[in-house]
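S.K.: Give me a model of this one.
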Amino acid sequence: MVSGSGFIIDKEGLVLTNSHVVYERQAISLTIDDGRKVEAKVLGADPIFDLAVLRIPVSLEKHTVAVLGDSDSVRIGEDVIAIGNPFGLEQTLTRGVVSGLNRILSGSPPLTLPLIQTDASINPGNSGGPLMNRCGEVIGINTSILTEAQNIGFAIPINVAKSVIPELIDHGRVIRPWLGISGKMVNKGLMEIINLPLVNGFLIETVDQGSPAQRVGIHGGDLPLMIGGTEFLLGGDIITKINGQAVDDSENLFKLIDSLKVGDNVWLTLFHKNQTRNIELNLPERPILPGDFRSSTSSTLLPMKGRLKSFPLR
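M.R.: Model prediction:
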């Protein structure tokens, strides 16, 4: 039996929680704050963002609806509380501070969101519960911990959830385009260290099987190399431009990727072995892949030691 947490977000009985708590469950039972147990229906779930929206068929006039705050305004050192159901201990409250921001965790699968880090105690069963500021506003959804540490937990920023809740309700999923590649940003400074031809851009380390990138012959890496504690998989294509715009830093890269929609044709300028080529590909909707799923029995993610995570582009 899988246990987790969640919170009511409107008077219509919508509940927000983690996808790994409810994804593909045949029956979901919720205990609300007055002790009643009710059956819940999953309206939508996304294992990549690890978010899910449920509906419960009860009158909520006497129940507290969570106030959703602004995670973009969160600052390190702010007081926070985590509420949830750790190890089946209902209505447990723990207290701490925001101890870090914009954390991106490696693991299997990775959480590539910029997460909120907190030292408020979070345990298995807290997954999907709210992380709240001292004004009682929800600023995050508790989702993971580091098992090798003490009181290092992570929450999905509430603004991420607010941006996808309508899509989860309307479509049952988050619709995103699919390139099918993962890698890291690199620059010419790396070339001076390894004496290999490189340019500024996004180094493609892996290419998903059956993806649009594989179908048009994009190359992944085949030469693992550790530099300063960071592992690179060299030898793959480097994306230098997307639709004619330079890929020169991570912020610009994410802006370009976020502008892409399902059905778009995208032009990529690629550098490989001192040669540059241009390719065009059409972006289908990204399917749910086996590697997208996290454990549903624990909210634990193990860090990859000595690695800078290779992040996926859609």
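
S.K.: Could you chop this protein up by domain?
M.R.: Listed domain ranges for the chain are 67-163+299-309, 181-282 (source: automatic domain parsing).

S.K.: Average pLDDT for the shortest one, rounded please.
M.R.: By that I understand domain 181-282. Average pLDDT, domain 181-282: 87.

S.K.: and the end-to-end length of it?
M.R.: 14 Å (C-alpha to C-alpha, to the nearest Å).

S.K.: Quick one: distance of it to the chain centre.
M.R.: On the basis of C-alpha atoms, centre = their mean, to the nearest Å, domain 181-282 sits 21 Å off its chain's mean C-alpha point.

S.K.: Same question for the longest one.
M.R.: Per C-alpha atoms, centre = their mean, the displacement of domain 67-163+299-309 from the mean C-alpha position of its chain is 12 Å.

S.K.: what comes up buried for stretch 177-187?
M.R.: 177-186 (16 or more other C-beta atoms under 10 Å). Where you see a C-beta, it was placed from the backbone N, CA and C, and this is true even at glycine.

S.K.: With respect to Gly44, which of the domains of the chain lies nearest?
M.R.: Of all the domains of the chain, it is domain 67-163+299-309 that lies closest to Gly44, at 11.7 Å by C-beta to C-beta.

S.K.: Burial-wise, tell me which of the domains of the chain comes out on top.
M.R.: With neighbours taken as mean count of other C-beta atoms under 10 Å, the domains of the chain reach their highest mean count in domain 67-163+299-309, at a mean of 19.

S.K.: In the protein, which strand is the longest?
M.R.: When the chain is parsed with DSSP state E, its longest strand is strand 92-105.

S.K.: And that one, what does it pack against?
M.R.: Applying 3 or more C-beta pairs under 8 Å, 6 or more residues apart in numbering; DSSP states H and E, we find strand 92-105 packed against strand 79-84, strand 111-118.

S.K.: Can you name every helix or strand that the shortest one contacts?
M.R.: Using 3+ C-beta pairs under 8 Å, 6+ apart as the contact definition, the elements that strand 79-84 packs against are strand 92-105, strand 130-133, strand 137-145.

S.K.: mind giving me CSV with those strands and columns for distance to Pro47 and mean pLDDT?
M.R.: Below are the helices and strands packed on strand 79-84 laid out as CSV (distance: least, C-beta to C-beta, whole Å; pLDDT from 0 to 100):
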stretch, distance to Pro47, mean pLDDT
strand 92-105, 15, 90
strand 130-133, 20, 97
strand 137-145, 12, 94
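
S.K.: Which among those strands is found nearest to Lys273?
M.R.: strand 92-105 (30.0 Å).

S.K.: thought Ile238 was touching Leu190?
M.R.: No: applying C-beta atoms under 8 Å as the test, Ile238 and Leu190 come out as separate, 10.6 Å apart.

S.K.: Need the residues touching each of these two.
M.R.: Common contacts of Ile238 and Leu190, defined by C-beta atoms under 8 Å, 6 or more residues apart in numbering, comprise Leu198.

S.K.: quick revisit: comparing the helices and strands packed on strand 92-105, which yields the minimum mean pLDDT?
M.R.: strand 111-118 (a mean of 82).

S.K.: Report all helices and strands that that strand contacts.
M.R.: Going by 3+ C-beta pairs under 8 Å, 6+ apart, strand 111-118 lies up against strand 92-105, strand 137-145, strand 153-157.

S.K.: Paired strands for the shortest one, with orientation please.
M.R.: It stands for strand 153-157. strand 111-118 (antiparallel), strand 137-145 (antiparallel) (DSSP bridges).

S.K.: Ok, which of those comes nearest Lys255?
M.R.: Per C-beta to C-beta, nearest to Lys255 of the strands paired with strand 153-157: strand 111-118, 14.4 Å.

S.K.: From the rest of the structure, what touches that closest one?
M.R.: 48-50, 71, 74, 80, 82, 96-105, 131, 139-140, 143-144, 152-157, 160, 301, 309, 311-312.

S.K.: same thing with stretch 130-139?
M.R.: With C-beta under 8 Å, 6+ apart as the test, stretch 130-139 has contacts from 5, 7, 66-71, 74, 78-84, 116, 118, 120, 140-142, 155, 157-158.
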